[in-house]
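**Student:** Provided below for reference: sequence and predicted model.
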Amino acid sequence: MINELASKVVDSVFDVLVIVDESLHILDCNSSVTDLGYTKEELLGKPITDLTIDNAGFRRAIPELAKSAREGKRELRRFECLTKDGSHIWADVAVQEIDATEALDYLITLHDVTERALARKELEEQKAKLESILTETETLRKEADDNRFQLQLANEQLAKRQAVTEKALEEEQRFRLSSQKTGFQKDLSRMLVALVALAIVIPYVSALLPVETKILDGSNNLALLLLQVLGIAVGSLFGQNTSKQGGMEKDA
């Protein structure tokens, strides 16, 4: 169907060129079909849809692509094709009607873009992985922010509890010191009462006992001196305690 000169030109084209009739059976093809693992003789008379995975989609695309070419538009559609050994390749398909024959014949061009398609597929996979990593990273960042907030909240609560504990310990220490001072003041008060009683009793005892007057006077003076010293000490302690209690009340 293709004359000798045209056949040489067509065979020099790297793309697979196939002429099919209206029913899409192969009428002729160039030598590039060997890239698919076939010879011309093996493909003549066979439907071209046998070379594609999506047979129905390819069949619908032929008249649509031919119409676009007739309108001056070069439209390509990508299809997955089969080689003779069963491996898959990707090809951009273009179609145009052949006016040289009375019947409706099509010239179909199959341009191998397998490497480009695989590269694009790999690029899309890498993009999907990158998006997944970014999503995971964002999730981890949010979790880290949430953990940081929880840690900050826990530290604030710990600080408040520590402040309460320190205040309670300080109050307990003040209470113990106050209790000790109160006990000491009570002991001093008892001693003071005892000395007062002794100072009262000594003159009566002195009058009853035959003791020299100087010795008795010395005992009386000693008792009075101790009584004065204890009185001053008790008054001083009571005054200090009162002033400290007032300071504690101001601090509280």
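**Tutor:** Structure's in. What do you need? Everything quoted here is computed from the prediction, not taken from an experiment.
**Student:** For the rest of this, base every contact and every neighbour count on C-alpha atoms.
**Tutor:** OK.
**Student:** where along the chain do the strands fall?
**Tutor:** Here the chain has its strands, by DSSP state E, at 16-20, 26-29, 77-82, 88-98, 105-112.
**Student:** now these in JSON lines, with distance to S132, mean neighbour count and mean pLDDT?
**Tutor:** Shown next, in JSON lines, are the strands of the chain (distance: least, C-alpha to C-alpha, whole Å; neighbours: other C-alpha atoms under 10 Å; pLDDT from 0 to 100):
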{"stretch": "strand 16-20", "distance to S132": "40", "mean neighbour count": "23", "mean pLDDT": "92"}
{"stretch": "strand 26-29", "distance to S132": "46", "mean neighbour count": "21", "mean pLDDT": "91"}
{"stretch": "strand 77-82", "distance to S132": "28", "mean neighbour count": "18", "mean pLDDT": "92"}
{"stretch": "strand 88-98", "distance to S132": "27", "mean neighbour count": "20", "mean pLDDT": "91"}
{"stretch": "strand 105-112", "distance to S132": "32", "mean neighbour count": "21", "mean pLDDT": "91"}
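**Student:** Please produce TSV containing those, extended by distance to K127.
**Tutor:** As requested, the strands of the chain are exported to TSV (distance: least, C-alpha to C-alpha, whole Å):
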stretch	distance to K127
strand 16-20	32
strand 26-29	39
strand 77-82	21
strand 88-98	21
strand 105-112	24
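**Student:** Can you give the domain ranges for the chain?
**Tutor:** 4-112, 124-251 (automatic domain parsing).
**Student:** which stretch in the ones you listed has the least confidence?
**Tutor:** Note on the domains of the chain: lowest mean pLDDT is at domain 124-251, with a mean of 72.
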